[in-house]
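J.: sequence first, then the predicted structure:
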Amino acid sequence: MKFFRQLLFLQFLLFGVFTSAQDTIQNQSPEKYMIGIAPTPPFVEKSPNGFSGLSIASWEMVNKKLGWDYEYKTYNSLAELLHAVEQGEVDFSINPITVTDQRMTKMDFSQPYFISHTAIAQKKKSNALAVVKNLWSWKFISAILVLIGVIFVFGFLVWIFERKKNPEEFGGKGFQGIKEGFWWSAVTMTTVGYGDKSPQTTGGRVIGLVWMFMAIIIISSLTASIASALTVESINNEINSVADLDRFNVVTVGSSSSEEFLNMYQINHGEVANGASGIAYLVDHPNDLFIYDQPILTYEVERQQLQDEIQVLKKTLKKDYFSYSFPKNSTLIKQVDPVLISAMKTMEWSRLMENYN
């Protein structure tokens, strides 16, 4: 009997300890988690009914298993959101934050839930306008003027030799005779060969022979100059490496991973508030570049219906991994990561990703 009394006492004691521990855990856990977000379409979008987007939908899938009570705290910019995470103003953020070495020293990250790229957006240029612009360039005009001058010199020399002994073809005094010589020189250079004029004197034929060979060289050089003038614009606009960015005025979103990338390669750049303002900036600055996350660039171009004006280049600068972000040494990441990884293996997650790719 004494043994049973002791056993019963022990059960009551264990029940009390268990209840006390459970109360302690509940008291330590917040009633509601604060999740920091900043509008970043198509990942986080504000609507009349709340928030939507890929990041919102992914978190709702994860929270089906976690069952946490939470509320969103909105920030106006990426810089403000990152500062809030670093300072612990929020418990974590589900915004598409790119994992970088610099950020990993200030905060912790979950398993990446989206793979993206840093891309380049620029305003489309009309090939016809580029051709006209180059044809009116001083380099092209000066080449034409030099050519006209050379044609005139050889026409004048032939006229000097032919004006007396071949007056039928090169006759005439002053302007009339020089005009005939200029005509012959131009026809000879272009190898049209009308045959209406031909030198008869020895001096005229020597000039003609020299001019024929020189004309071949000049025509080849002129063709190369024209081709260069017509293609130099497109060559200068090609972007094949980070070094090519130095030829352009570049803007990006402040405090973004794109800005870290530009700073790392010492590329001078300006800042805009977000993806929407960056695309709007390109409309007014047709020669500049906007560098940011590829899916956000593509979405904003389509949302603002600027597909005919703005293009997102296929050439990308780097690969990015989007993750949830947590204050440094947060214990929540150990609870979120396993559930996030499990959710990423489901068909529901695959369908979600397909809707945003």
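T.: Now that the structure is in, tell me what you want to look at.

J.: quick one, strands of the stretch 51-200 of the chain?
T.: In the stretch 51-200 of the chain, the strands defined using DSSP state E, counting those that start in this stretch lie at 70-74, 92-98, 107-109, 114-123.

J.: beta-bridge partners for the residue nearest the centre of the chain, please?
T.: Geometric centre of the chain, nearest residue: residue 120, 0.6 Å, by Cα atoms, centre = their mean. Beta-bridge partners for residue 120, by DSSP bridges, are residue 291.

J.: so where's this structure shaky on pLDDT?
T.: Applying pLDDT under 70 to the chain flags residues 1-30, 126-135, 172, 193, 225-237, 357.

J.: and it, what are its domains?
T.: According to automatic domain parsing, the chain comprises the domains 22-114+323-352, 130-236, 239-318.

J.: hang on, the earlier thing: give the contact list for the residue nearest to the centre of the chain.
T.: By Cβ atoms under 8 Å, 6 or more residues apart in numbering, residue 120 lies in contact with 239, 289-291, 312-313, 315-317. Glycine gets a C-beta too; all of them are placed from N, C-alpha and C.

J.: rewinding a little: and the strands of the stretch 51-200 of the chain, which is most packed in?
T.: strand 92-98 (a mean of 26; mean count of other Cβ atoms under 10 Å).

J.: what's near enough to touch residue 243?
T.: No contacts exist for residue 243 under Cβ under 8 Å, 6+ apart.

J.: in the stretch 251-357 of the chain, which spans are strands?
T.: Under the criterion DSSP E, counting those that start in this stretch, the stretch 251-357 of the chain contains strands at 270-272, 289-293, 310-312, 318-327.

J.: could you dump the ones you listed to JSON lines with distance to residue 115?
T.: Listed next are the strands of the stretch 251-357 of the chain as JSON lines, based on distance: least, Cβ to Cβ, whole Å:
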{"stretch": "strand 270-272", "distance to residue 115": "24"}
{"stretch": "strand 289-293", "distance to residue 115": "11"}
{"stretch": "strand 310-312", "distance to residue 115": "17"}
{"stretch": "strand 318-327", "distance to residue 115": "6"}
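
J.: dump these into TSV; add distance to residue 50 and mean neighbour count as well.
T.: Formatted as TSV, the strands of the stretch 251-357 of the chain follow (distance: least, Cβ to Cβ, whole Å; neighbours: other Cβ atoms under 10 Å):
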stretch	distance to residue 50	mean neighbour count
strand 270-272	26	16
strand 289-293	23	25
strand 310-312	29	20
strand 318-327	19	21
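
J.: which of those strands sits closest to residue 338?
T.: When the strands of the stretch 251-357 of the chain are compared by Cβ to Cβ, strand 318-327 sits nearest residue 338, at 13.1 Å.

J.: what residues are up against residue 214?
T.: When contacts are counted by Cβ under 8 Å, 6+ apart, residue 214 is found next to 150, 154.

J.: wait, I meant residue 91
T.: Shown in contact with residue 91 (Cβ under 8 Å, 6+ apart): 30, 33-35, 70, 326-327, 330, 332.

J.: next one: residue 312
T.: Per Cβ under 8 Å, 6+ apart, neighbours of residue 312: 119-121, 294, 297-298, 301.

J.: also residue 173?
T.: The contact partners of residue 173, taken as Cβ under 8 Å, 6+ apart, are residue 163.
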